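Enquirer: What follows is a predicted protein model with its sequence.
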Amino acid sequence: MSAPLPVRNGRPFDPEQFLLTDGARDIQAFRKREVIFAQGDPADAVFYIRKGKVRVTVVAKSGKEATIAILEEGDYFGEGCLARQPVRICSASALSDCSLVRISSQTMLEVLSQERGFSHMFLSYLLRRNIRYEEDLVDQLFHSSEKRLARILLLLSHFDEEGGAEQIELKISQETLAQMVGTTRSRVNFFMNRFRKAGLIEYGDGLRVHRSLMKVILHE
């Protein structure tokens with residue numbers, strides 16, 4: 001989901017190098033399943049993912065939990081603090097061992113106002129992610145659980161129209177997929193078995209998603 005890099009001094013702008021030299025320098029490590037921040041915690045920093053994958057969730061008053069995003073290397077999260085959000089409205093946890101750069105809200109605001117290249121890159125990133133969230137909402141409102149699952153699998157596999165089968169390195173559970181789709185684990189298991197029998201996905205060392213899975217989304 002990372003935005004294209006702007007050019008700085010004739011070379012592509014490297015946000016990680018910039019943050020580590022000019023901005024934050026606060027590198028934090030999290031083990032798999034470790035909580036980065038919890039819903040209701042003070043919102044005081046933005047995080048940049050150097051390595052690993054992060055799961056963002058929200059819990060309703062009823063106790064029901066929903067996964068709203070799976071983020072990876074090059075992504076940012078926790079930016080609500082830049083809009084004076086006092087507390088976190090979601091939780092973030094490590095889906096794998098992670099290396100993150102923690103940027104305080106004050107530092108981030110100063111960097112955005114002083115560094116044009118970084119500001120351009122960050123705005124482009126947020127716009128692209130907002131479009132993705134809008135697409136997710138439309139998908140949730142108007143498409144079946146089967147189509148929503150197919151779309152999520154294609155997104156997680158970084159599906160390329162010119163490619164064939166793509167490997168999902170992340171060993172994501174069916175329970176997490178169910179939360180992202182907005183259905184039950186048993187329904188996800190049913191659809192996954194259907195996809196596998198139809199030759200749309202494969203199980204091995206990891207999950208392989210084939211281009212032909214697009215048929216599920218396109219089929220009326």
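Expert: Alright, I've got the coordinates.
Enquirer: Counting neighbours, what do you get for residue 52?
Expert: 20 (other C-beta atoms under 10 Å). For every residue, glycine as well, the C-beta is placed using N, CA and C.
Enquirer: One more: residue 129?
Expert: For residue 129, using other C-beta under 10 Å, the count is 19.
Enquirer: How about residue 119?
Expert: Residue 119 has 14 nearby residues by other C-beta under 10 Å.
Enquirer: In contact with the closest residue to it other than its chain neighbours, which residues are there?
Expert: Once flanking residues are discounted, residue 119 sits nearest to residue 112: 4.8 Å by C-beta to C-beta, 6 or more residues apart in numbering. By C-beta atoms under 8 Å, 6 or more residues apart in numbering, the contact set of residue 112 is 82, 118-119, 122.
Enquirer: Wait, a strand at residue 112?
Expert: No: applying DSSP: H, G, I helix; E, B strand; the rest coil, one finds residue 112 to be helix, outside a strand.
Enquirer: State the distance from it to residue 74.
Expert: 18 Å (C-beta to C-beta, to the nearest Å).
Enquirer: what are the ranges of the strands in the protein?
Expert: 7-8, 11-12, 27-30, 35-37, 45-51, 54-59, 65-71, 76-77, 91-94, 98-104, 166-168, 201-203, 207-209 (DSSP state E).
Enquirer: Of all these, which one is nearest residue 217?
Expert: strand 207-209 (12.2 Å; C-beta to C-beta).
Enquirer: other SSEs contacting that closest one?
Expert: In terms of contacts (3 or more C-beta pairs under 8 Å, 6 or more residues apart in numbering; DSSP states H and E), strand 207-209 is packed against helix 145-156, strand 166-168, strand 201-203.
Enquirer: most packed of these?
Expert: Of the helices and strands packed on strand 207-209, the one with the most neighbours on average (mean count of other C-beta atoms under 10 Å) is helix 145-156, at a mean of 21.
Enquirer: averaged over its residues, what pLDDT does it have?
Expert: Averaged over helix 145-156, pLDDT sits at 90.
Enquirer: So what pairs up with the residue nearest the centre of the chain in the strands?
Expert: Nearest to the geometric centre of the chain sits residue 71, at 2.4 Å (C-alpha atoms, centre = their mean). Per DSSP bridges, the residues bridged to residue 71 are residue 54.
Enquirer: who touches it in this structure?
Expert: 1, 49, 53-56, 77.
Enquirer: For residue 179, find the nearest of the strands of the chain.
Expert: Taking these one by one with C-beta to C-beta, strand 65-71 is closest: 4.0 Å.
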